[in-house]
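Colleague: below is the sequence, then the predicted model.
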Amino acid sequence: MSKMTQEQLAARWQISPRTLEQWRWLGKGPRFLKIGARVLYDEAEIETFEAGQVCRNTSGPIPKERL
């Protein structure tokens, strides 16, 4: 399985690495692996999170039972 750093994921999503830090603190975003001070995101977890963010309108993500 491929892993991404916070910086790599931030570049992929075109967001600030600080946004990912805030999401971790708030319990949002994809699940991650933390070893010491190092944070890594598994590609499968990223893809699962992305799939859950698919929207049809501005009301938010589509509920899983409707995908």
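Modeller: Perfect, I can see it now. Everything quoted here is computed from the prediction, not taken from an experiment.
Colleague: now the residue nearest the centre of the chain: phi and psi?
Modeller: Closest to where the C-alpha atoms of the chain average out (Cα atoms, centre = their mean) is residue 30, at 3.5 Å. With angles defined as degrees, to the nearest 10, residue 30 sits at phi -70, psi 160.
Colleague: is it in contact with residue 49, as I believe?
Modeller: Yes - Residue 30 lies in contact with residue 49 (Cβ atoms under 8 Å); the separation is 3.7 Å. Any C-beta I mention is one placed from the backbone N, CA and C, and that applies to glycine too.
Colleague: any weak-confidence spans in the protein?
Modeller: Counting by pLDDT under 70, the chain shows low-confidence ranges at 1, 64-67.
Colleague: which parts of it are strands?
Modeller: Ranges of strands in the chain, per DSSP state E, are 3-5, 33-35, 38-42.
Colleague: can you put the ones you listed in JSON lines and add mean neighbour count and distance to residue 58?
Modeller: Shown next, in JSON lines, are the strands of the chain (neighbours: other Cβ atoms under 10 Å; distance: least, Cβ to Cβ, whole Å):
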{"stretch": "strand 3-5", "mean neighbour count": "16", "distance to residue 58": "28"}
{"stretch": "strand 33-35", "mean neighbour count": "9", "distance to residue 58": "33"}
{"stretch": "strand 38-42", "mean neighbour count": "16", "distance to residue 58": "26"}
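Colleague: quick one: closest of those to residue 54.
Modeller: Evaluated with Cβ to Cβ, the strands of the chain place strand 38-42 nearest to residue 54, the distance being 18.8 Å.
Colleague: so what touches the closest one?
Modeller: Strand 38-42 is contacted by residues 1-6, 9, 24, 30-34 when judged by Cβ atoms under 8 Å, 6 or more residues apart in numbering.
Colleague: of all the residues you listed, which comes closest to residue 61?
Modeller: Distance to residue 61 across those (Cβ to Cβ) is lowest for residue 30, with 13.7 Å.
Colleague: tell me who's in contact with that closest one.
Modeller: So residue 30 contacts 9, 41, 45-46, 48-49 (Cβ under 8 Å, 6+ apart).
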